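Asks: Sequence and predicted model, in that order:
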Amino acid sequence: MPEEAYAFRWTGEFADARLEAAYIRASWDEIRSRLNAVLVAVYVFAAWAVFDFMALGFGWEFAALLAGRLGALAAITVALRIFKTADSQRSFMLSAFVTQLCVVIVAPVSLYLGEVNFAAALLSIVVILFAFYIGVPTRLAPNLVLASALCLGFVAIAPALTEIDTFTMMQICLLFAVVNAIGVEMVRAANRLRRNGFITLMHQQELYERLKKEAEGREEAEANVRNTEESFQSLFHAAPTPIALVDPATFNVMQANMAALHLFGLKEEDRATTDVRSFFDAQDLPSRIETLLASSRAGTPVEFRMKRMDGNVIHVIVSAATAHFQGRRALLIGLQDVTARRKEAEALRDARDQATAASRSKSEFLANMSHELRTPLNAIIGFSEALERELFGPIGSPRYREYAEDIHDSGVHLLSLINDILDLSKIEAGHFKLHEDEADLNHIVGAATRIVRHRAQQANIAIELSLPEPSVTLVADERALKQVLINLVSNAVKFSPDGSLVRIDAQIRPDALRISVADEGTGIAEADIPLALTPFTQLDGSLSRAHEGTGLGLPLAKHLTELHEGSLTIESTLGKGTTVHVDLPLSRIVGHTAPGERAAM
């Protein structure tokens, strides 16, 4: 940084307090030597007490003046003998200031009481002023204050020393102003000069340190280069990865390790005359390797189709970096044979495509078969219901009514299963469409609860509802959302012990509308929760073996929730129960405004 870039105060000191403190610390010996030079003048000032005694005799005036002179001597002695380090600079400067203050007070009073000749008194004041500015190393602002006080003190006693008119007094004041101005400019110039020298010295020191570090870094780099050159050959040939050095001008192999020679089936004696471009397959050859080398895309791996010496095709990932070998520019090429990995990836891709096709065929088959099964099932249910209710007259034996009721219940159960399979197949095939409209949440929950309430009453299970008031209106597929709740509540009732409680809770959270169904059943192990969400999967709990079910309820509920842009999560603890949460986005609530939108409005 140039010297002009540093800011200075009007006193010539640095404006930066840290830089000024660094300067004082660096020039501390010079500051002490300046004050030490003033010590001789303070000795003379203290010895002047002899003249005070001759003029005043031994009295209180003499004692006061003697105390002031000794005080100045004591203060400067303390500064030089006790406060020797830069860490005590504040105390050092304060002691110097006390010395000056004693001189400012004692000098005018001594001249006044001793009735000293006016010319000698004036000369002594001027000498003291220059001693302040030139010798004492206190800062300029305190120096100027003390010097001004000394001048005012002399102006105050001047009429007592001699008869003096107003014009002469003005001349004396002007003289003092000139002396102080000269002193201030001398101190400012000296301060600026000393600090500019400090800046120059500091820059030279920084330059020296930088040059020293650069020299040390260069020596270390040269040593590293020597070590690298010594170990390069052994590392190059011992590397298990195929590596080769290629001349970028001729594309001849300058050097190759055993792994590279083995990869391409190349002999060591044929290496120097081998053009690496001959290894590239004719379909991949057009300027790909030239582009890689010319644009210096060092370290960017590219996959190439290449040929071995025996003609076999291999797939290789090539990475390149520029280097110097034996004083010549070279290209360091790293090779990785990915032929086996590529074949595995192709096999996995084919297997994935086959699995996707099989899954699609399965879903389409189930969808078609479900349609074919629903038609006769509807007839079975309808006719069995007609027989059960004896719509066309009595059927005789009551056992026929029982048989008709069993046929009807089995048909309804089978139709429910077929509907679940059909819905799941549509979802997996991407054919399920939501028919969205505004629907009342409390109505949907109430309708789903009524469907399973009869089964709950048979098991002496209470269903408790906690719904928002007033009710929330949603934009959703009412049938699909009702199916979600029917599946969840049916599961809760089915796997709950007699006399327990099933709770259905709905609340608007900051991030979603949450509908929760909680039971007090045996619960699900955390590791089994993903299995519970897998179609046609039955957990090995005792309750699951004792109750009917196909394992479609939770997976279908999850898919239907996700079609509504929501999520279904399960929280469960073995022996305490299970809670299933259905979270729907707040955007589906009619008239709801997000907090961020309310703030913007």
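Replies: On my side now, so go ahead.
Asks: for residue 223, what are its contacts?
Replies: If you count contacts by Cβ atoms under 8 Å, 6 or more residues apart in numbering, residue 223 has none. (C-beta placed from N, C-alpha, C; glycine too.)
Asks: Work out for me the element it sits within.
Replies: Residue 223 is part of helix 166-238, with elements assigned from DSSP states H and E.
Asks: Centre of the chain to that helix, how far?
Replies: 38 Å (Cα atoms, centre = their mean, to the nearest Å).
Asks: After it, which helix or strand is next?
Replies: Immediately after helix 166-238, counting by DSSP H and E, sits strand 243-246.
Asks: Quick one: distance of that following strand to the chain centre.
Replies: From the chain centre to the centre of strand 243-246 is a distance of 41 Å (Cα atoms, centre = their mean).
Asks: Please identify the pairing partners of that strand and their relative orientation?
Replies: Sheet neighbours of strand 243-246, with direction, are listed as strand 253-256 (antiparallel), strand 328-337 (antiparallel) (DSSP bridges).
Asks: mind saving the C-alpha coords of it as CSV?
Replies: Listed next in CSV are the C-alpha coordinates belonging to strand 243-246 (Å, rounded to 0.1, in the frame of the first residue of the first chain):
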residue,chain,number,x,y,z
ILE,A,243,-1.7,-45.6,-17.3
ALA,A,244,0.1,-44.4,-20.4
LEU,A,245,2.1,-41.4,-21.5
VAL,A,246,1.2,-40.2,-25.0
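Asks: could I get the strands paired with strand 243-246 as CSV with mean pLDDT, distance to residue 189 and mean neighbour count?
Replies: As requested, these are exported to CSV (pLDDT from 0 to 100; distance: least, Cβ to Cβ, whole Å; neighbours: other Cβ atoms under 10 Å):
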stretch, mean pLDDT, distance to residue 189, mean neighbour count
strand 253-256, 76, 69, 21
strand 328-337, 76, 60, 18
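Asks: wait, which of those is closest to residue 186?
Replies: Closest approach to residue 186 among the strands paired with strand 243-246 is made by strand 328-337 (65.7 Å; Cβ to Cβ).
Asks: now the angle from the closest one to helix 166-238?
Replies: 60 degrees (axes from the mean of the first three to the mean of the last three Cα atoms, to 10 degrees).
Asks: Need the residues that contact strand 328-337.
Replies: With Cβ under 8 Å, 6+ apart, strand 328-337 has contacts from 241-248, 254, 260, 263, 276, 293, 301, 314-324.
Asks: mind redoing it with 7 Å?
Replies: 241-248, 254, 260, 263, 293, 314, 316-324 (Cβ atoms under 7 Å, 6 or more residues apart in numbering).
Asks: Do a quick rundown of the strands in the chain.
Replies: For the chain, the strands defined by DSSP state E occupy 243-246, 253-256, 302-307, 313-325, 328-337, 437-440, 462-466, 473-476, 501-508, 513-518, 567-573, 577-584.
Asks: hang on, residue 463 packs against residue 448?
Replies: No. Using Cβ atoms under 7 Å, residue 463 makes no contact with residue 448, being 10.2 Å away.
Asks: Which among the contacts of strand 328-337 count as buried?
Replies: 242-247, 254, 260, 263, 293, 314, 316, 318-320 (16 or more other Cβ atoms under 10 Å).
Asks: Widest-spaced pair of those residues?
Replies: The farthest-apart pair in the buried ones among the contacts of strand 328-337, when distances are taken by Cβ to Cβ, is 247 and 314, at 23.1 Å.
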